[in-house]
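> pasting the sequence and the predicted coordinates here, then a few questions.
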Amino acid sequence: MTTAPTAAGTAPAPAAPAATMAQAFNTALRHALRDDPSVHVLGEDVGTLGGVFRITDGLAAEFGDDRCTDTPLAEAGILGTAVGMAMYGLRPVVEMQFDAFAYPAFEQLVSHVAKMRNRTAGRMPLPITIRIPYGGGIGGVEHHSDSSEAYYVHTPGLHVVTPATVGDAYGLLRAAIASDDPVVVLEPKRLYWSKAAWNPEAPAAVEPLGRAVLRRPGTSAVLITYGPSLPVCLEAAEAAAAEGWDVGVLDLRSLVPFDDATVCEVVRGVGRAVVVHEASGFAGVGAEIAARVTERCFHHLEAPVLRVTGFDIPYPPPMLERHHLPGVDRILDALARLQWED
């Protein structure tokens, strides 16, 4: 079947095939391994199995066990090994199997990974990428659904990114691996199987870290979010339109570096903002965002910056997680509390 020519006499480009976020991550790793022999992937079950979410599927077969290496179940040892590898000129990409499984490696992360460049006056950067599947929405039990971004964001010396789209999964992971500084890539596990039109043979150009993107413009208010909360914010914005509210959605993409310029430009244009994330609210990333927006945009705000977050409790059992995670109704309630003017 051929594509009919357009009025100008040229056929339109064929639509890009659909791909999942998991496939985009896998492609990013494959391209990084192909393009740079210093890149090595290591973690629990990343080799023969291809990872519990199959993000590393096929990499060991293609590049060998010495480039995609299964490790013992010892997160502190995995990250400590990566520190040594980076000191000797390699670019290790570490997979922590689940969010809460990464905590045994936290001492290595804080004491060495985040501090080495400063400790050596810039002479020894550690180009380590730490991939962490995080967040809820998959019916996982405790230790499998944490949103631990605040720990990493609060650690000076680390970059922290979290993609919410298929294209960003590829672009942000490639940018992280190319960075000479350590980067924590928080991968929303509930979005691994989300699909979008994306061509792995012609991925978008890799952008620098630290840029937010306005996914939906609006004139009444803006929802500021990242990672797994982006789809629910887009759904809430659609529902808000039925109430006569024109609500925008801003995807942060990068938590460190933080894109103050874009965030403030959007907030100043609408005067009302709600921050949405899965992690608990107290001392969470949303609190920092609300403080930054209030300090920089105070005279443009028509209402306080509100937050819609997970509750301040340990992650609940699977049957209760839908009540714990921010949903459309809770977001709409927050928008209603912004006291719209007629």
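Sure, I can see it.
> need the next SSE after the helix or strand encompassing Ala290, C-terminal direction.
Remark: Ala290 resides in helix 285-297, with elements defined by DSSP states H and E. Later in the chain than helix 285-297, the nearest helix or strand by DSSP H and E is strand 306-310.
> separation between Tyr151 and Val39?
Distance of Tyr151 to Val39, computed by Cβ to Cβ, to the nearest Å: 26 Å. Placement of C-beta: from N, CA and C, glycine included.
> neighbour count: these two, which is higher?
Val39 (22 against 17; other Cβ atoms under 10 Å).
> my guess is the more buried one meets Val94, correct?
No: if you go by Cβ atoms under 8 Å, Val39 and Val94 don't touch, sitting 11.8 Å apart.
> contacting residues for Ala114?
By Cβ atoms under 8 Å, 6 or more residues apart in numbering, Ala114 lies in contact with 155-158, 182.
> look up how far His159 lies from Glu95.
Glu95 is 17 Å from His159, where distance means Cβ to Cβ.
> same check, this time on Leu49
From Leu49 across to His159, the span is 28 Å (Cβ to Cβ).
> of these two, who's got more company?
The residue with more neighbours, out of Leu49 and His159, is His159; 21 against 13, by other Cβ under 10 Å.
> beta-bridge partners for that one, please?
On the basis of DSSP bridges, His159 takes part in beta bridges with Val183.
> could we number from 5 for the rest of this?
All right, first residue 5 from here; so that's His163.
> which residues touch it?
180, 183, 185-188, 213, 258, 260-261.
> can you name the two of these that are farthest apart?
Pro186 and Ser258 (14.2 Å; Cβ to Cβ).
> which residue ranges of this protein form strands?
22-24, 43-47, 72-74, 95-99, 133-138, 163-165, 187-192, 199-201, 217-220, 225-229, 251-255, 258-260, 277-284, 310-314 (DSSP state E).
> adding distance to Gln343 and mean pLDDT, write those out as a markdown table.
Listed next are the strands of the chain as a markdown table, based on distance: least, Cβ to Cβ, whole Å; pLDDT from 0 to 100:
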| stretch | distance to Gln343 | mean pLDDT |
| --- | --- | --- |
| strand 22-24 | 41 | 93 |
| strand 43-47 | 49 | 98 |
| strand 72-74 | 54 | 97 |
| strand 95-99 | 46 | 98 |
| strand 133-138 | 34 | 98 |
| strand 163-165 | 33 | 98 |
| strand 187-192 | 32 | 98 |
| strand 199-201 | 36 | 94 |
| strand 217-220 | 22 | 98 |
| strand 225-229 | 11 | 98 |
| strand 251-255 | 15 | 98 |
| strand 258-260 | 29 | 98 |
| strand 277-284 | 13 | 98 |
| strand 310-314 | 11 | 98 |
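> which one's more surrounded, Pro186 and Ser258?
In this view Pro186 and Ser258 are compared by other Cβ under 10 Å, and Pro186 has more residues nearby, 30 against 25.
> which segments of the chain make up each domain?
23-201, 217-340 (automatic domain parsing).
> out of these, which comes closest to Ala208?
Evaluated with Cβ to Cβ, the domains of the chain place domain 23-201 nearest to Ala208, the distance being 5.4 Å.
> could you work out the end-to-end span of that closest one for me?
6 Å (Cα to Cα, to the nearest Å).
> same question for stretch 105-122.
First residue to last in stretch 105-122 (Cα to Cα) measures 27 Å.
> pLDDT averaged over it - what is it?
The average pLDDT within stretch 105-122 is 96.
> how far out from the middle of the chain is that stretch?
From the chain centre to the centre of stretch 105-122 is a distance of 19 Å (Cα atoms, centre = their mean, to the nearest Å).
> buried subset of the contacts of Ala118, written for PyMOL?
Buried residues within these, by 16 or more other Cβ atoms under 10 Å, are selected in PyMOL with:
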select buried, resi 159+161+162+186
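> and the furthest pair within the contacts of Ala118?
Greatest spacing in the contacts of Ala118, by Cβ to Cβ: Pro160 and Pro186 (11.4 Å).
> burial count for Met323?
Met323: 8 neighbours (other Cβ under 10 Å).
> how close does it sit to Arg334?
For Met323 relative to Arg334 (Cβ to Cβ), the value is 18 Å.
> now do Val274
In terms of Cβ to Cβ, Val274 sits 20 Å off from Arg334.
> give me the below-cutoff pLDDT ranges for the stretch 205-346 of the chain.
Counting by pLDDT under 70, the stretch 205-346 of the chain has low-confidence residues at 344-346.
> repeat for the stretch 5-154 of the chain
Within the stretch 5-154 of the chain, the segments meeting pLDDT under 70 span 5-19.
> I'd assumed His327 was in contact with Pro320.
Yes: here Pro320 lies in contact with His327, judged by Cβ under 8 Å, at a distance of 7.5 Å.
> and the two? which has more neighbours close in?
When Pro320 and His327 are compared for neighbours, Pro320 comes out ahead with 18 against 10, by other Cβ under 10 Å.
> neighbouring contacts of the longest helix along the chain?
For the chain, the longest helix by residue count, based on DSSP state H, is helix 25-39. Helix 25-39 is contacted by residues 23, 43, 45, 57-63, 66-67, 71-72, 95, 97, 135, 167, 169-171, 173-175, 177-178, 181-182, 191-192, 195-198, 202, 204, 207 when judged by Cβ under 8 Å, 6+ apart.
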